[in-house]
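> Sequence first, then the predicted structure, then my questions.
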Amino acid sequence: MKLFLDTAVTEEIKKAAAMGIIHGVTTNPTLVARAGHKDYQALVKEIAGILPEGSPISVETVAEDVKTMVADGKRFFEWAPDNVVVKLPTNAAGLEATRELAKDGIQVNMTLCFSVNQALLAAHAGAAYVSPFVGRLDDIGHDGMALVQDIVAMLKTYELETWVIAASIRHPLHCVESMKAGAQVATVPYKILEQMLKHPLTDKGIEAFMEDWKKSGASNE
Ligand SMILES: O=C[C@H](O)COP(=O)(O)O
């Protein structure tokens, strides 16, 4: 499973990219606003310069009609043609715009997906990615991860090539479950990356090795 970083904070992207553990970035209007960016184009170009060449960056529109969605998508694509994946909502306008952009070879990530039916429609429209929102379903008492499992199985059954991005990831167990479900990607906030890495026995082990080495008086010069 590949990992995307779900953030608009460039410092977080730099830190994760330096460790070589992320394959792309997803942004959305809330994340861009929260990070205090005023210029989306400048942000996307900066992210493209941080990530390895060709890494996908999801760039989301706030347009509501097909014409503006397509125009936005084409504009976003020009900002970084090797990276930009246009993020569109899974609704009627989003499907039509996805079809248009896909015809032009522009990749689309259909976001705010909350059902297997929506994922099937996204795949038929030509979406490169579909993003089921796990945490937001859990928040209302539904089983978000069951949706990821069902979508992965459905796409496999019908040999559809759309990739599943497990999104709205809220804790490290969501990542483990996404792997078990066979999602191609999980997009995670930086905090979750840190939680994925952290293990008390690793820290304890490092401490013990250092103490024993110091006590031994041995040299590694
Ligand atoms: O844009 C997609 C995000 O993964 C949504 O996450 P959230 O539900 O925590 O806002």
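On my side now, so go ahead.

> Now the most centrally placed residue in the chain, what are its backbone angles?
Nearest residue to the geometric centre of the chain (C-alpha atoms, centre = their mean): residue 187, 3.1 Å. Note on residue 187: its backbone torsions stand at phi -100, psi 120 [degrees, to the nearest 10].

> try residue 36
When read as degrees, to the nearest 10, the backbone of residue 36 gives phi 80, psi 20.

> and it, how many residues sit next to it?
Neighbour count for residue 36, taken as other C-beta atoms under 10 Å: 8. In this view, the C-beta of every residue, glycine as well, is placed from N, C-alpha and C.

> Could you do residue 78 as well?
Neighbours of residue 78 under the rule other C-beta under 10 Å: 10.

> how near is it to residue 104?
Here the criterion is C-beta to C-beta, to the nearest Å. By it, residue 78 lies 12 Å from residue 104.

> One more: residue 8?
When residue 8 is compared with residue 104 (using C-beta to C-beta), they lie 26 Å apart.

> the more surrounded of those two?
Between residue 8 and residue 104, residue 8 has the larger neighbour count (other C-beta under 10 Å), namely 24 against 10.

> helix, strand or coil for that one?
With DSSP: H, G, I helix; E, B strand; the rest coil as the basis, the three-state label of residue 8 is coil.

> Quick one: residues contacting residue 86.
Residue 86 is in contact with 58-61, 72-73, 76-77, 101, 106-109, counting by C-beta atoms under 8 Å, 6 or more residues apart in numbering.

> Reformat these as TSV; add secondary structure, neighbour count and pLDDT.
Output for the contacts of residue 86, formatted as TSV (DSSP: H, G, I helix; E, B strand; the rest coil; neighbours: other C-beta atoms under 10 Å; pLDDT from 0 to 100):
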residue	secondary structure	neighbour count	pLDDT
58	strand	28	98
59	strand	28	98
60	strand	23	98
61	coil	20	98
72	helix	19	98
73	helix	27	98
76	helix	25	98
77	helix	19	98
101	helix	26	98
106	coil	20	98
107	coil	20	98
108	strand	28	98
109	strand	30	98
